[in-house]
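K.L.:
Kindly generate the corresponding structure for this input.
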Amino acid sequence: MSLIWPNDKLKRLSTKLDLDNHIGRLNSLFAREKSIVLVGDSKQHAKYIEALDEVELIQMPELPRMDEQINRLSKGATLSLEQLYLFVKQLEFFNRLRAQSLPIIWQKLIENIEIPSEVSETLSYFNDQGLIDSQKEPELYDIELALNRVRQEQKDKLASVLRSSSLKEYLIDSQIHLYYGQESLLVRGGFSRAIKASVIGRSSAGYFYIVPDSLDQIKKRVSSLIDREQEIYQRYAKEFSLIYSKWWRFFSFLNREFDRVDHYFARALFLKSSDFNLILPTNNKNIVLCEFAHPAIKDVVPIDIDFKSKIVLVTGVNAGGKTMLLKSILSSIFMSRYLIPFKCNPNKTEVGSFDNIEVILDDPQSVKNDISTFAGRVKEFNRLFNYKDAIVGVDEIELGTDADEAAALFRVLLEELSNKGLYFIVTTHHKKLASLMASNRDVELIAALFNEELQKPTYRYLSGTIGNSYAFETAYRYGVNKEIIDKAKEALGDDKERISSLIERSTMLEIEMQKKLEEIDNKVKSAEILTKKLEHKRELLDKEYKERLFKLEQSYQSSLKKLQIALKKADNPEARRLINEAHKLKKNQKELKDDIVVRDLKIGDIVKYRGKRAKVISLKSKEAMIDLDGMKMRVPKRELKEFAENKKLKKPATRVNISVSKPKNSKMTLKLLGYRADEAIEETQKFISDALIHGFNEIEIIHGTGSGVLSKVITDLLKKHPRVKDYERAKGNFGATVVKF
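P.N.:
Numbering: from 1, shown residues only. Okay, here's the model as predicted:
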């Protein structure tokens, strides 16, 4: 079965990467000829393939392409029984698959293939030879019996002729020969003296195959029976073609599903018959190969490579595996993209996805087109500017021109193309390009290692360094005389070797310094992130503390007032005494705390009050009058914090807004029942200040109706307060006022 690619570009790419034989093995497992590419969602395809891991796969029927037959059905044409039987074999395969114990994902796939009942009924009419079963058609059964009798009569007649004494001297043997489907006798020349017969052929030895004329009547009867049989076959072919034509779209769908399952089965068999793995492409551009073995190499040394940079520059020994490393990286991307299994460690292998894969391997020199090696290389590079997302492999990049000039040119080309989103794997045995690109953070240097003791490459790779070319060692390994190599070393001179070593060392020092700088930058960034997290956490804790303190204070005041009211009604002197002691203890505690936290403040100081900027207007022993956004309020000194302006900073203080979350209820209530007028005014002012700071839109003040004194002083206060937008008596309760801000 020939290997089919959807286009010549993929075919050439497969050949350049040495994958034809490997992919050919997969192609040989298909039930019929098709493109090797499985189109669609790779992740979804992989689920179907991996689900077959524990399933015993049934044999798929080998079928030809059926697009032409489906096209003829769509036009109402009559197909032969042989052509119709191709569809029958497809249907029988899916019926057998339906009867098998399958994973859930496969059960759903099979359930989607609903065979029309009138199509399903036709299946039982076909026998294993693709003809109409005589058990389903009585006339065919009678014809078969008649043919058997006539053919037996024909054999008996020939046997009788064989025993004829007059023909004996002309017979070559005493057997009945089957010549192109006809039973005949083999005789030598002159047989016409003994028998009348027709010659139907000659043997290689010059003898004649004859059919006696006495069998003519029998032959006519056989021919007549066969004609009747063919008429019945043709009748069924027309009848079934008419049914199948009605359902040509179903057969088109069935044909596609057969190809799809064929793709899945072939890949599953490929995985079962080898130690390969199915690797899906990731959504990033990282290439991490672990124990990867290129399928074209017999005794391959598994490759471990971590390619996360935009440009990988491979240097080192000649014939040391640089090109194979390039092909391995590109092959892994190619096979992953088209779901072709390969050998690797699946738990540690990661293969990125790219829209295009390009390989620049060959010498592009062309005498016919007047293109030199270097000109061809430049032309290929220029073509890459048309791509937006691609990975490109370039072997021996400076091929065909001065290495120093080429290094400068290709450095710029590589950097420009990588900025456009292209990725590169580049091999070179010159150190100039590597030294020029070593400082680029998007470039990773990889050296092919050489075993100097054994004088041969290891096919291992070391990241972050430049490899030696070992040209003399390679030449010696491939048979060049040692005396010639010694002369070559002498011609090179010590200075050249020393300069090369200095370039390599300088490059390594630059790479090392760059890595250390990156480590320092990462540590600084980590410290900054940690500082921000700690500052954020401190602010959250401070906010939480203030909210809880406010709620506790409100709860305490509310409970205390309720208790006072209750005690007035109960007239319990002992309880009042205990409350007074509690007040004293609380007052002493506050005074003690004030003695610790109070600071020397002056009128005009800028302070911070509950996260907001305020100005000190007047001072008392324990309290201060402040201006907060145009609102004057009296607050405890202990709640004031030093603001940045008081530290005499060069820059003006930045206003800090701390968001305080509102309580679940959007309204607070202040009860003033039993208060004197001056006490009520002071409590109301504090209550309004707290409500504004904590973001309340509305409060309720319960002052009662009584003599009306409290109602009047509260109303006067609300009229003059700059932050009160509106106030009104509560509905149904004239002893309460609702205030809005």
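
K.L.:
Kindly state the pLDDT recorded for the most centrally placed residue in the chain?
P.N.:
Nearest to the geometric centre of the chain sits Thr282, at 3.9 Å (Cα atoms, centre = their mean). Thr282 carries a pLDDT score of 92 in this model.

K.L.:
In this structure it contacts Gly352, no?
P.N.:
Yes - between Thr282 and Gly352 there is a contact at 5.5 Å, judged by Cβ atoms under 8 Å. Bear in mind the C-beta positions are built from the backbone N, C-alpha and C, glycine included.

K.L.:
For stretch 687-703, give me every contacting residue.
P.N.:
Contacts made with stretch 687-703 from outside it, assessed by Cβ atoms under 8 Å, 6 or more residues apart in numbering, are listed as 550, 554, 610, 612, 631, 633, 635, 660, 662-663, 666-673, 680, 684, 710-711, 714, 721, 723-724, 730, 735-741.

K.L.:
Which ones among those residues map onto helices?
P.N.:
When DSSP state H defines the helices, the subset of the contacts of stretch 687-703 inside them is Phe550, Gln554, Ala680, Thr684, Leu710, Ser711, Ile714.

K.L.:
For Thr323, state which of the residues you listed is nearest.
P.N.:
If you rank the ones in helices among the contacts of stretch 687-703 by distance to Thr323 using Cβ to Cβ, Phe550 comes first, at 74.2 Å.

K.L.:
Just list the residues touching that closest one, thanks.
P.N.:
Contact analysis of Phe550 by Cβ under 8 Å, 6+ apart lists Asp690, His694.

K.L.:
before we move on, back to that, the contacts of stretch 687-703, buried ones only, as a ChimeraX selection?
P.N.:
To isolate the buried ones among the contacts of stretch 687-703 in ChimeraX, judged by 16 or more other Cβ atoms under 10 Å, type:
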select :550,554,610,612,633,635,660,668,670,671,672,680,684,710,711,714,721,724,736,737,738,739
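
K.L.:
Show me which of the ones in helices among the contacts of stretch 687-703 is closest to Arg538.
P.N.:
Checking the ones in helices among the contacts of stretch 687-703 one by one against Arg538 (Cβ to Cβ), the nearest turns out to be Phe550, at 18.7 Å.

K.L.:
Now do that closest one, the pLDDT please.
P.N.:
pLDDT, Phe550: 80.

K.L.:
do you know how far it is from Glu700?
P.N.:
Separation of Phe550 from Glu700 (Cβ to Cβ, to the nearest Å): 18 Å.

K.L.:
go on, Phe253?
P.N.:
As judged by Cβ to Cβ, Phe253 and Glu700 stand 73 Å apart.

K.L.:
just Ile357 next, same as before
P.N.:
Ile357 sits 74 Å away from Glu700, taking Cβ to Cβ as the criterion.

K.L.:
Looking at these two, which has the bigger crowd around it?
P.N.:
Comparing Ile357 with Glu700 by other Cβ atoms under 10 Å, the one with more neighbours is Ile357, at 19 against 15.

K.L.:
dump the residue contacts of that one.
P.N.:
So Ile357 contacts Leu13, Leu330, Ile333, Phe334, Arg337, Ala390, Ile391 (Cβ under 8 Å, 6+ apart).

K.L.:
Tell me which of those residues fall in strands.
P.N.:
Among the contacts of Ile357, the residues falling in strands (DSSP state E) are Ala390, Ile391.

K.L.:
Please convert the contacts of Ile357 to TSV, extending it with pLDDT and neighbour count.
P.N.:
Shown next, in TSV, are the contacts of Ile357 (pLDDT from 0 to 100; neighbours: other Cβ atoms under 10 Å):
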residue	pLDDT	neighbour count
Leu13	93	19
Leu330	95	24
Ile333	95	22
Phe334	96	24
Arg337	94	19
Ala390	94	18
Ile391	94	25
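
K.L.:
which stretches of the stretch 551-700 of the chain have low pLDDT?
P.N.:
Scanning the stretch 551-700 of the chain with the threshold set as pLDDT under 70 gives 560, 563-599, 644-667.

K.L.:
in it, which spans are strands?
P.N.:
Per DSSP state E, counting those that start in this stretch, the stretch 551-700 of the chain carries strands over the ranges 606-609, 612-619, 623-628, 631-636, 640-642, 667-671, 698-702.

K.L.:
JSON lines for the ones you listed, including distance to Arg193?
P.N.:
Converted to JSON lines, these look like this (distance: least, Cβ to Cβ, whole Å):
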{"stretch": "strand 606-609", "distance to Arg193": "138"}
{"stretch": "strand 612-619", "distance to Arg193": "136"}
{"stretch": "strand 623-628", "distance to Arg193": "142"}
{"stretch": "strand 631-636", "distance to Arg193": "143"}
{"stretch": "strand 640-642", "distance to Arg193": "139"}
{"stretch": "strand 667-671", "distance to Arg193": "134"}
{"stretch": "strand 698-702", "distance to Arg193": "135"}
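
K.L.:
Quick one: closest of those strands to Pro212.
P.N.:
strand 667-671 (122.4 Å).

K.L.:
The closest one - contacts with which helices or strands?
P.N.:
Applying 3 or more Cβ pairs under 8 Å, 6 or more residues apart in numbering; DSSP states H and E, we find strand 667-671 packed against helix 482-570, helix 677-693, strand 698-702.

K.L.:
what lines up beside it in the sheet?
P.N.:
strand 698-702 (parallel) (DSSP bridges).

K.L.:
mind listing the helices for the stretch 351-500 of the chain?
P.N.:
For the stretch 351-500 of the chain, helices defined by DSSP state H, counting those that start in this stretch occupy the ranges 373-383, 403-419, 431-437, 471-477, 482-570.

K.L.:
any idea which of the ones you listed scores lowest on pLDDT?
P.N.:
Mean pLDDT, when computed for each of the helices of the stretch 351-500 of the chain, is lowest for helix 471-477, at a mean of 55.

K.L.:
Give me the below-cutoff pLDDT ranges for the stretch 301-450 of the chain.
P.N.:
Where the stretch 301-450 of the chain drops to pLDDT under 70, the residues are 317-320, 362-373, 400-403, 450.

K.L.:
Just confirm Tyr118 contacts Ile243, I think it does.
P.N.:
I think there's a mix-up here, since residue 118 is Glu and not Tyr. Yes - taking contacts as Cβ under 8 Å, Glu118 lies within contact range of Ile243: 5.5 Å.

K.L.:
coming back round to it: quick one: closest of the strands of the stretch 551-700 of the chain to Glu183.
P.N.:
Among these, strand 667-671 sits nearest to Glu183 (Cβ to Cβ), with 112.9 Å.

K.L.:
what's next to that closest one, contact-wise?
P.N.:
In contact with strand 667-671 (Cβ under 8 Å, 6+ apart) are residues 554, 558, 561, 683-684, 687, 691, 696-702.

K.L.:
got the CA coordinates for it in PDB?
P.N.:
Taking C-alpha atoms only, strand 667-671 is exported to PDB below (Å, rounded to 0.1, in the frame of the first residue of the first chain):
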ATOM      1  CA  LYS A 667     -29.300  51.500  58.600                       C
ATOM      2  CA  MET A 668     -28.200  52.000  62.300                       C
ATOM      3  CA  THR A 669     -30.400  53.100  65.200                       C
ATOM      4  CA  LEU A 670     -29.500  55.500  68.100                       C
ATOM      5  CA  LYS A 671     -31.800  55.500  71.200                       C
END
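
K.L.:
That strand vs helix 677-693, what angle?
P.N.:
Counting by axes from the mean of the first three to the mean of the last three Cα atoms, to 10 degrees, strand 667-671 lies at 170 degrees to helix 677-693.

K.L.:
one step back: which one of Glu118 and Ile243 is surrounded by more residues?
P.N.:
Ile243 (15 against 12).
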